[in-house]
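Chemist: After the sequence you'll find the predicted model.
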Amino acid sequence: MINNLHSLLNTTGFAHLTPGMIIMWCIGLILIYLAIKKQYEPLLLLPIGFGILLVNLPLSGLMEPDVGLLWKFYHYGIHWEIIPPLIFLGIGAFTDFGPMLANPRLIFLGAGAQAGVYLTFFASHAMGYNIMEAATIGMIGGADGPTTIFIASKLAPQLLGACAVAAYSYMAMVPIIQPPIMRLMTTKAERKIKMAKPRPVSKREKLLFPIVSTFLIILLIPASAPLISMLMLGNLFRESGVVERLKGAAQNELMNIVTIFLGLPIGATMHADIFLQPKVLFIFVLGLIAFVLSTMTGLLLAKIMNVFSKEKINPLLGAAGVSAVPMAARVVHKVGIEADKRNYLIMYAMGPNVAGVIGTVIAAGIFITLLAP
Amino acid sequence: MTTEITAPLPGKIVRLDIEPGTSIEQDTEIMVIEAMKMETIVYAPCDGVIEKMIKKVGDEVEDGDLIATVA
Amino acid sequence: MSPASIFIQGIVSVFFGMTLLYLSIKITAFFVDRIAQKTKGGIQDDK
């Protein structure tokens, strides 16, 4: 009789609970709380949080290879590299490259912020992460969720959950992380610099940009093709003006659907046994460092460019090279207004901001080219 | 002499504190433009009285568009 | 491959890529301007 009861209990999940799982429930619930109450990237943190809860319920088998539902989402969506490029299709359809084309030299600020990625890579490797893991952690500094997930799935799948959550949560915290660094590294006079009126950008130029840049970037860094091709296709939908339906689908329906299939399996990669290790948890510290360094290198490059150019750049724009679109650009605008209430930087900041997206993809492509097995 | 009030950034006018006849002082708030889901306050460029309104609340403006004239 | 060489190659390639992008925008803008001017000239010729 007692034996029967015992075996009955063993078929339930209760007998297989571990303290680690309960800690993970708390983490999942915290993410759900942050998503709902604080609206921190709710579209992602909500499904990620729920995914964490699910995978830490014993015996559910949701992440069991070949059979589990979430495993299938993960395997066919992320491991097969379908979802991150589809997200990029939507981003491309949303992105107006106009501000970047109007002020092409600000592109370099989008590159400057990528130096933070490589510095963090270097630091992480020095701290004992292997070279693939270090590359993935550095990528958090690019502040680009889909790219971080893309590179993690290729180079260090065991860190995917932590890196994705770190990237998305720090992106939501850009308005808190960046302003102190921006004020520290610039003088009030620099923050007051007004930008010269940008040149007008014709429709034809905007239309040619996705085509020309696709050729150029893929020829230069073939490994970046999955992301850059989709980004530019989405943008071509937008700028061509003849496929409103496709543009709408990429921006809305498709984007929303793939977001669901992205968040849930990311959460599901965060099983207690994998996640609760000092090595994985420390990623959150390194991710923050990556964000700080990227902001700093962006600002620094803007200041260096000012030494050499006659027309001064407001160095705050360097901070927008971190590709968290459009959060980083908004932060630049707000800090600029603080210094001078008539200094409206938003449209200038969008330039380095969208250039940052391209820079991050290039950086990821280089890591993959040099490191992928 | 007329001074033009132009849009300092592209976006949508979500609040207008001025109409023809309003007297304004330099650096007082005259309207709010929403761009990238962010509300930005626009300040009066000079002292004077609003002569003519070209745009109204809800209008989308481009950078440099004429919004009102000040006499 | 040593991390130092990846570090250097990475930064150099990102800047190289962005420089190419910068040049391509400049070149496209130049040609688009020229085409625009030519079409304008064409219209004037018709008059």
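Modeler: That came through fine. Numbers count the residues shown, from 1 in each chain, chains lettered A, B, ... in the order given.
Chemist: drop to CA atoms for contacts and neighbour counts, all remaining ones
Modeler: Will do.
Chemist: Can you report phi and psi for B:Glu39?
Modeler: Dihedral pair for B:Glu39: phi -90, psi 130, per degrees, to the nearest 10.
Chemist: ok, it - contacts?
Modeler: B:32-33 (CA atoms under 8 Å, 6 or more residues apart in numbering or on different chains).
Chemist: Any idea what it is bridged to?
Modeler: On the basis of DSSP bridges, B:Glu39 is bridged to B:Glu34.
Chemist: Return the residues of chain C in contact with chain A.
Modeler: Listed as neighbours of chain A in chain C under the rule CA under 8 Å from any CA of the partner chain: C:3-4, C:6-7, C:10-11, C:13-15, C:17-22, C:24-26, C:28-29, C:32.
Chemist: Just the ones of those in helices?
Modeler: Judged by DSSP state H, the residues of chain C next to chain A include C:3-4, C:6-7, C:10-11, C:13-15, C:17-22, C:24-26, C:28-29, C:32 as members of helices.
Chemist: Just the buried subset of those, please.
Modeler: Buried members of these, counted by 16 or more other CA atoms under 10 Å in any protein chain shown: C:3, C:6-7, C:10-11, C:13-15, C:17-22, C:24-25, C:28-29, C:32.
Chemist: What is the burial count for A:Leu301?
Modeler: Applying other CA atoms under 10 Å in any protein chain shown, we find 22 other residues in the vicinity of A:Leu301.
Chemist: That one contacts A:Gly318, correct?
Modeler: Yes. The criterion here is CA atoms under 8 Å, and A:Leu301 meets it with A:Gly318 at 6.8 Å.
Chemist: separation between B:Gly58 and A:Leu231?
Modeler: Computed as CA to CA, to the nearest Å, the B:Gly58 to A:Leu231 distance reads 31 Å.
Chemist: Show me which of these two is the more surrounded one.
Modeler: Neighbours per residue (other CA under 10 Å) separate B:Gly58 from A:Leu231, with A:Leu231 holding more: 26 against 14.
Chemist: Would you confirm that the more buried one contacts A:Asp96?
Modeler: No. Applying CA under 8 Å, one finds A:Leu231 not in contact with A:Asp96, separated by 11.6 Å.
Chemist: I'd like the distance between A:Met305 and A:Pro180.
Modeler: According to CA to CA, A:Met305 and A:Pro180 sit 22 Å apart.
Chemist: ok, the two, which is more surrounded?
Modeler: Between A:Met305 and A:Pro180, A:Met305 has the larger neighbour count (other CA under 10 Å), namely 19 against 11.
Chemist: Spatially nearest residue to that one (excluding sequence neighbours)?
Modeler: By the measure of CA to CA, 6 or more residues apart in numbering or on different chains, the closest residue to A:Met305 outside its immediate chain neighbours is A:Ile313, 7.7 Å from it.
Chemist: Quick check: the one you found is in a strand.
Modeler: No. Counting by DSSP: H, G, I helix; E, B strand; the rest coil, A:Ile313 is not part of a strand but coil.
Chemist: Would you confirm that it contacts A:Asn306?
Modeler: Yes. Counting by CA under 8 Å, A:Ile313 does reach A:Asn306; the two are 6.2 Å apart.
Chemist: So if I had to pick from the two, which one is more boxed in?
Modeler: With neighbours defined as other CA under 10 Å, A:Ile313 and A:Asn306 compare such that A:Ile313 has more, 24 against 15.
Chemist: Run through the residues that contact the most centrally placed residue in chain C.
Modeler: Nearest to the mean C-alpha position of chain C, counting by CA atoms, centre = their mean, stands C:Ser24 at 1.4 Å. Contacts here follow CA under 8 Å, 6+ apart; on that basis C:Ser24 touches A:212-213.
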